[in-house]
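[1] with the input below, show me the fold.
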Amino acid sequence: MDKDLGYYAHRFRTLRVNINRGVTPYQPLLLLSVIELIGQNYIQENKIYLTPELVSLFVKYRSQLSPSHYQADLAQPFFFLSRVKNAFWHLKAKEGKEAVLDSGTRLNSVPLLRRNIDFAFLDEDLFDYLKSPISKNVLVSTLVEKWFADQLKRVEKLIGVNPFDHISYSDFDPGIERQLPLASELDVNSYKNAIEAVRDTTFRKNIVRLYDSRCAFCHLRIISLDETNIVDGAHIKPFSKFKDDTYSNGISLCKNHHWAFDHGWFGIDENYRILIRQNWLTESASQGTKLMREYHGEGIILPHEDEFLPDLGALEWHRQHWKIA
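    Modelled structure (predicted):
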């Protein structure tokens, strides 16, 4: 393939949106609509027509995920998505209307589009990625994490599935060429790395967001002007072993306590209280600094919504693995 999955994930994160009336993510909404129609096999070839089905899906997403004070119609993203540098969305003019499209005329209304445009089409590479369930999930996750991260529950209901469900790597087997649009083992490895990078970034950013960018252990919250965060989204059971990226397998920890948790210096009990590993640490501190063992028995910070609480089974696994009483 000429362009890999990481390239399109980056393009999805850097779409052009109107900020004059607040962020109005109509291009992401259009892409979500198209992706849903591809997933339903309604769009089977790389031709995207202005059908009632596409319009209705766009309106569904727009009504739930876009600011209510300004509602653009489908024509604007349908046209302007083709007018960016290195566009992956292209327009095919109707016969005899090529000059209109080439002239740069703004076809930013549905009647104008219907009179002049036959259909839109995607880069072939991107269309192939969207037909594969694995790469489609990566790209949907990228869209949602970037443009609708503060509306996760609403997006889940609209899409019908959790777009951040972890991606299973069991699909990466010797027969991968039959499932993914890749031609060689080197491509498979590159593809897997791209998926893992997007997956890891998505998981960590959203775990931190669920905890208001605070360390669940010490409550530290520091964010720089360039939005670098001292807090990490940590896995309770390691992803390398369990392949579990569900939010309940995550917890927000500053870098010191993330390291300490991963090395079994402390655990968390069934009541979400901190358990310092006994007789394991020798500590000293300057005046005014709290020792780690002084946190023993304190409750951690928790997400506001119960469905995102740390999984008690995962916490028990961590305690048993590190022999934390």
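[2] checking my notes, Ala120 in a helix, right?
    No - Ala120 is assigned strand when assessed by DSSP: H, G, I helix; E, B strand; the rest coil, not a helix.
[3] quick check: closest non-adjacent residue to it.
    Computed as Cβ to Cβ, 6 or more residues apart in numbering, the closest residue to Ala120 that is not its neighbour in sequence is Ile48, at 4.3 Å. C-beta: built from backbone N, CA, C; applies to glycine.
[4] count of residues packed around that neighbour?
    23 (other Cβ atoms under 10 Å).
[5] against Tyr247, how distant is it?
    33 Å (Cβ to Cβ, to the nearest Å).
[6] ditto for Leu152
    9 Å.
[7] do Ile134 as well
    Distance from Ile134 to Tyr247, by Cβ to Cβ: 20 Å.
[8] what about Ile301, which helix or strand?
    Assigned by DSSP states H and E, Ile301 belongs to no helix or strand.
[9] that one against Leu210, yeah?
    No - using Cβ atoms under 8 Å, Ile301 makes no contact with Leu210, being 10.1 Å away.
[10] pLDDT below threshold where in this protein?
    Within the chain, the segments meeting pLDDT under 70 span 1-2, 18-23, 67-71, 156, 160-201, 225-227.
[11] which parts of it belong to which domain?
    If you go by automatic domain parsing, the domain ranges for the chain are 5-189, 212-322.
[12] so can I have TSV of the ones you listed showing distance to Arg204?
    Shown next, in TSV, are the domains of the chain (distance: least, Cβ to Cβ, whole Å):
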stretch	distance to Arg204
domain 5-189	10
domain 212-322	3
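[13] between these, which one is closest to Thr202.
    Nearest to Thr202, of all the domains of the chain, is domain 5-189, at 4.7 Å by Cβ to Cβ.
[14] all helices in the stretch 151-300 of the chain, in order from the N-terminus.
    When secondary structure is read from DSSP state H, counting those that start in this stretch, the stretch 151-300 of the chain shows helices at 152-159, 185-210, 239-242, 255-262.
[15] can you give me the buried ones in the third one?
    To tie it back to what came earlier, the one meant is helix 239-242. Neighbour-count burial for helix 239-242 flags Phe239 (criterion: 16 or more other Cβ atoms under 10 Å).
[16] need the CA coordinates for that helix. CSV is fine.
    Extracted C-alpha coordinates of helix 239-242, given in CSV (Å, rounded to 0.1, in the frame of the first residue of the first chain):
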residue,chain,number,x,y,z
PHE,A,239,-1.7,-5.4,28.2
SER,A,240,1.2,-7.5,26.9
LYS,A,241,-0.2,-10.5,28.7
PHE,A,242,-4.0,-10.0,28.8
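[17] any idea how far it is from the middle of the chain?
    19 Å (Cα atoms, centre = their mean, to the nearest Å).
[18] centroid-nearest residue for the protein?
    Ser141 (3.1 Å; Cα atoms, centre = their mean).
[19] need the three-state assignment for it.
    Secondary structure, three-state DSSP: Ser141 is helix.
[20] now do the SS call for Arg319.
    Arg319 is classified as helix under three-state DSSP.
[21] skipping adjacent residues, who's closest to it in space?
    Distance criterion Cβ to Cβ, 6+ apart; nearest residue to Arg319, sequence neighbours excluded, is Gly267 at 4.2 Å.
[22] beta partners of that neighbour?
    Beta-bridge pairing for Gly267 (DSSP bridges): Leu275.
[23] what about it, neighbour count?
    Neighbours of Gly267 under the rule other Cβ under 10 Å: 23.
[24] same check, this time on Gly96
    For Gly96, the count of nearby residues is 8 (other Cβ under 10 Å).
[25] work out for me the element it sits within.
    Going by DSSP H and E, Gly96 is not in any helix or strand.
[26] roughly how far apart are it and Asp118?
    Separation of Gly96 from Asp118 (Cβ to Cβ) stands at 11 Å.
[27] who has more neighbours out of Ile134 and Tyr247?
    Counted by other Cβ under 10 Å, Ile134 and Tyr247 do not tie: Tyr247 has more neighbours, with 22 against 19.
[28] got the contact list for the closest residue to the more buried one other than its chain neighbours?
    Nearest non-adjacent residue to Tyr247, counting by Cβ to Cβ, 6+ apart: Phe308, 4.8 Å away. By Cβ atoms under 8 Å, 6 or more residues apart in numbering, Phe308 lies in contact with 210, 247-248.
[29] JSON lines please, covering those residues and showing distance to Leu29.
    Output for those, formatted as JSON lines (distance: Cβ to Cβ, whole Å):
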{"residue": "Leu210", "distance to Leu29": "24"}
{"residue": "Tyr247", "distance to Leu29": "24"}
{"residue": "Ser248", "distance to Leu29": "29"}
